[in-house]
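Novice: Show me the folded form of this:
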Amino acid sequence: MAKKKAFALRINEEMLKAVEKWAADEFRSTNGQIEWMLNQCLKDAKREPKKKEDKL
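Specialist: Here you go, the predicted structure:
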């Protein structure tokens, strides 16, 4: 599993409320929803990070 790094995010209140509602509708946490959204944007832009092969 990829290592996760915490960081502060500044976001306007209306946008945060919209993300929180979307997250609740999808049964995700707000953080999980933002991570999912970022992954979708990276995928759409063909900028996904390269995956490291699992070492056995």
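
Novice: Any stretches of the chain with poor pLDDT?
Specialist: Low-confidence segments of the chain (pLDDT under 70): 1, 53-56.

Novice: Quick one: list the elements packing against the longest helix seen in it.
Specialist: Secondary structure of the chain read by DSSP state H shows that its longest helix is helix 30-44. The helices and strands touching helix 30-44, judged by 3 or more CB pairs under 8 Å, 6 or more residues apart in numbering; DSSP states H and E, are helix 13-25. Where C-beta positions appear, they are placed from N, C-alpha and C, glycine not excepted.

Novice: what is the orientation angle of the helix it packs on with helix 30-44?
Specialist: 90 degrees (axes from the mean of the first three to the mean of the last three CA atoms, to 10 degrees).

Novice: Next, the buried residues of helix 13-25.
Specialist: 19, 23 (16 or more other CB atoms under 10 Å).

Novice: What lies in contact with it?
Specialist: Contact with helix 13-25 is made by 11, 29-30, 32-34, 37, as judged by CB atoms under 8 Å, 6 or more residues apart in numbering.

Novice: how close does the residue nearest to the spatial centre of the chain sit to R28?
Specialist: Taking CA atoms, centre = their mean, the centroid of the chain lies closest to E35, which sits 0.7 Å from it. As judged by CB to CB, to the nearest Å, E35 and R28 stand 9 Å apart.

Novice: and what of V19?
Specialist: From V19 across to R28, the span is 10 Å (CB to CB).

Novice: likewise K3?
Specialist: From K3 over to R28 the distance is 20 Å, taken as CB to CB.

Novice: Which one of the two is surrounded by more residues?
Specialist: Legend: neighbour count by other CB atoms under 10 Å for K3 and R28, higher for R28 (15 against 4).

Novice: in which helix or strand would I find the more buried one?
Specialist: Assigned by DSSP states H and E, R28 falls within no helix or strand.

Novice: now it: how far from A45?
Specialist: As judged by CB to CB, R28 and A45 stand 22 Å apart.

Novice: try K51
Specialist: 17 Å.

Novice: now do E20
Specialist: Distance of E20 to A45, computed by CB to CB: 25 Å.

Novice: How about E26?
Specialist: For E26, the distance to A45 - CB to CB - is 22 Å.
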